[in-house]
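Participant: can you look at this prediction? I've put the sequence above it.
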Amino acid sequence: MKYLKLFYLLILVMSITSCDEIADAIEEELNKIETPEPTGLDTEKEEKLNKTTPKDLSIVTLSNSDVQLDSKVSLRSFMPPIGDQGQYGTCTSWATGYYTRTMMQAHEKELSSADLTNDNNVFSPLDIYLSISHGPDCGGSSIAEAFKTMQTRGIAKMSDVPYENLGSCSQSSSASPAQYQSGKIDHFRSVDVTKVDELKTLLQRGCPIAVGCKLSEDFFSYKSGVIEDLDYTSYNAQNKHAGHAMCIVGYDDHKGADGAFCLANSWGERWGDNGFLWVAYDFFTAGEFCKYGYTIEADKGTPPVIDQNVINPSVRVDGKDLLSIVLIDRPGDTHDDNPNPGPRDRSVQYNVFNKGKEAIPASDDWNIIYYYYNAVDPQEDFGIVFYDYYTDDVSGVADKGENGDIAKLNNSMTTYGIWNWWNYIDVPAGYSAGKALDDGNESDMVMDYTLPADLNGEYYFVLFADGFNTLNEKHEQNNYLFFTGSDRKPIKITNGVVDQNSLKGASVSSAYVNELQASQPNAYTPEEIAGLINFQKEEGILQERAMRFRSQLKSSSRKKAVKRFVPSRISGECE
């Protein structure tokens, strides 16, 4: 529409002969052109989807807490040329597909700036835009939905779907499955946009960050320099230009007064600082300008389905190899130690199996942990339910073959969960831990536990053999079994009580990671959860959390661990 008005203005100018009249006419007509640059972020949908997107766990906490940040980082060498969305509300597809997805590929494949002028190496904003829901007349869309679509469907290259002939944006993408499936991403994570160092860490690692921002009228007139503030006094959330998606592509501690982030926009090179803008750290992270941030993990190829031989206890492998093989979590069992289980009381039947050809001795000091975590925020909302330790560290007070409650030991053995158990046993090749503990009888173990009363939200539970990775195993991917809800969704918990309606039924009680991620592809990977657990252990966070939970559970009738044995669910073919 703006260009049409300018066309009429040109015709008007051509009909006027006086220079003064031309100048006056131009000024008058330009003042009538009130349409700002197009945007296109659906903030209402973004707010909803952002809450259900797992948070990024790979920042300083999981990689290296002593990481030294450079004073300046630029990812522009991995960028395609600045794009122009024209008069369409397609900013999300430019920020996510054209910039973020292209840059991740360029970084991994070491593409040059010259390579990125070739549409065969650039991802199509139109393809992803036409593949997600958007408002009428080429209206706004969601960053999270765009990335979710890239994960499940993929995205085609600009050479296959050029950014042209948008019309009303009601058509479907012309890309074939072979064209868009090649652009899949592995997963996407939300980022805390209020923390400068976390954003800088991601950028230093080569990760562009797609962000959703709140604009004001004065933003549109930006030319150069650093934006340190915007005037939101006349802000209207219903304005079609209120929300806008862009991509952070660098930072500079010496830009402006106290440093700034560099963002790539999609309004062409004539806008702003040759298509870019700089926003001061303090203003960017204050919570008013930037609302949402996301990173992606580029596609590593189709994740291999766990070979049945890897999870088949009848198949022996060289060395040591622990397999989590039984996980049944149910409402609390009634027995002598717990005659009246409450609504927060539960019992978990579990077992792990040594499918390696070597015995796993107690001297290896390995463990089984049962851990719960919030489906989207495990860094803040988590806990070890029980810690089952296999060790010879108790040799001074116990004989080999014995086991018991760590709390009853008079030593300084480290504990992590609420319920802690020690086991002074070796696990022979072809034996489960339960069988080794129960004098050669095929037995599973049962631990009773109570969930904290303030636990509210959606959670996964995971049984993790060798939880702190002390063993050198043949396979690591079979260490995990997940307790999930129906269709592998998270389990709903309210005030410490599991919503039984959210469970998947009694016939199946656990899932391997490939089953979990096949249904919930954006769920955390075992590597992410393992990294989080190890970080929490090393930083003393698990012990601090365990002490807090103990305090919360003082009113519980069971303050000590109770470990029992029941007939095993493991097939006799495991012999």
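Facilitator: Thanks, I have the structure now. Since the structure is predicted, the reported quantities are computational estimates derived from the model, not experimental observations.
Participant: what ranges do the helices span in the protein?
Facilitator: For the chain, the helices defined by DSSP state H occupy 2-14, 19-32, 43-51, 91-93, 102-109, 125-129, 143-152, 177-181, 196-204, 281-284, 433-437, 513-519, 526-538, 541-552.
Participant: residues in contact with the fourth one?
Facilitator: Going back to what we said before, that points to helix 91-93. 38-42, 85, 125-126, 128-129, 132, 140-143, 146, 212, 244-246, 266 (CB atoms under 8 Å, 6 or more residues apart in numbering). All C-beta spots, glycine's among them, are computed from the backbone N, C-alpha and C.
Participant: please redo it, this time with the cut-off set to 7 Å
Facilitator: For helix 91-93, the surrounding residues in contact (CB atoms under 7 Å, 6 or more residues apart in numbering) are 39-41, 85, 125, 128-129, 141-143, 146, 244-245, 266.
Participant: of the residues you listed, grab the buried ones for PyMOL.
Facilitator: Only the buried entries of those go into this PyMOL selection, using 16 or more other CB atoms under 10 Å:
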select buried, resi 39+40+41+85+125+128+129+141+142+143+146+244+245+266
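Participant: for the contacts of helix 91-93, give me JSON lines that also has pLDDT and distance to residue 390.
Facilitator: Putting the contacts of helix 91-93 into JSON lines (pLDDT from 0 to 100; distance: CB to CB, whole Å) gives the following:
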{"residue": "39", "pLDDT": "90", "distance to residue 390": "57"}
{"residue": "40", "pLDDT": "92", "distance to residue 390": "56"}
{"residue": "41", "pLDDT": "94", "distance to residue 390": "52"}
{"residue": "85", "pLDDT": "96", "distance to residue 390": "59"}
{"residue": "125", "pLDDT": "98", "distance to residue 390": "54"}
{"residue": "128", "pLDDT": "98", "distance to residue 390": "49"}
{"residue": "129", "pLDDT": "97", "distance to residue 390": "54"}
{"residue": "141", "pLDDT": "96", "distance to residue 390": "51"}
{"residue": "142", "pLDDT": "97", "distance to residue 390": "47"}
{"residue": "143", "pLDDT": "98", "distance to residue 390": "45"}
{"residue": "146", "pLDDT": "98", "distance to residue 390": "46"}
{"residue": "244", "pLDDT": "96", "distance to residue 390": "55"}
{"residue": "245", "pLDDT": "98", "distance to residue 390": "50"}
{"residue": "266", "pLDDT": "97", "distance to residue 390": "56"}
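Participant: which one of the contacts of helix 91-93 sits closest to residue 175?
Facilitator: residue 128 (9.7 Å; CB to CB).
Participant: beta partners for residue 211?
Facilitator: residue 246, residue 293 (DSSP bridges).
Participant: which residues touch it?
Facilitator: Counting by CB under 7 Å, 6+ apart, residue 211 makes contact with 193, 245-246, 248, 290, 292-293.
Participant: what of residue 208?
Facilitator: Applying CB under 7 Å, 6+ apart, we find residue 208 in contact with 75, 99-100, 103, 247-249.
Participant: can you give me the end-to-end span of stretch 179-193?
Facilitator: For stretch 179-193, the first-to-last residue distance is 33 Å (CA to CA, to the nearest Å).
Participant: same question for it, mean pLDDT?
Facilitator: Computed over stretch 179-193, the mean pLDDT rounds to 96.
Participant: that stretch: which residues count as buried?
Facilitator: 179-180, 183-191, 193.
Participant: ok, now stretch 115-134?
Facilitator: For stretch 115-134, a neighbour-count test (16+ other CB under 10 Å) marks 116, 119, 121-132, 134 as buried.
Participant: ok, stretch 424-444 next?
Facilitator: 424-427, 429-438, 442-444.
Participant: repeat for stretch 308-316
Facilitator: 310-311, 313, 316.
Participant: residue 271: which of the residues you listed is nearest?
Facilitator: Closest to residue 271 out of these is residue 310 (53.3 Å), distances taken as CB to CB.
Participant: is it true that that closest one touches residue 475?
Facilitator: Yes - counting by CB atoms under 7 Å, residue 310 does reach residue 475; the two are 5.1 Å apart.
Participant: from residue 212, how far out is the nearest residue to residue 168 once chain neighbours are set aside?
Facilitator: Distances taken as CB to CB, 6 or more residues apart in numbering place residue 137 nearest to residue 168, at 6.1 Å, with adjacent residues excluded. Counting by CB to CB, to the nearest Å, the gap from residue 137 to residue 212 is 21 Å.
Participant: residue 479 now?
Facilitator: Residue 479 is 37 Å from residue 212, where distance means CB to CB.
Participant: returning to that earlier point: of the contacts of residue 208, closest to residue 338?
Facilitator: Ranked by distance to residue 338 (CB to CB), these are led by residue 100 at 51.7 Å.
Participant: burial measure for the closest one, as a count.
Facilitator: Using other CB atoms under 10 Å, residue 100 has 32 other residues around it.
Participant: going forward, count from 714.
Facilitator: Shifting the count to begin at 714 puts that one at residue 813.
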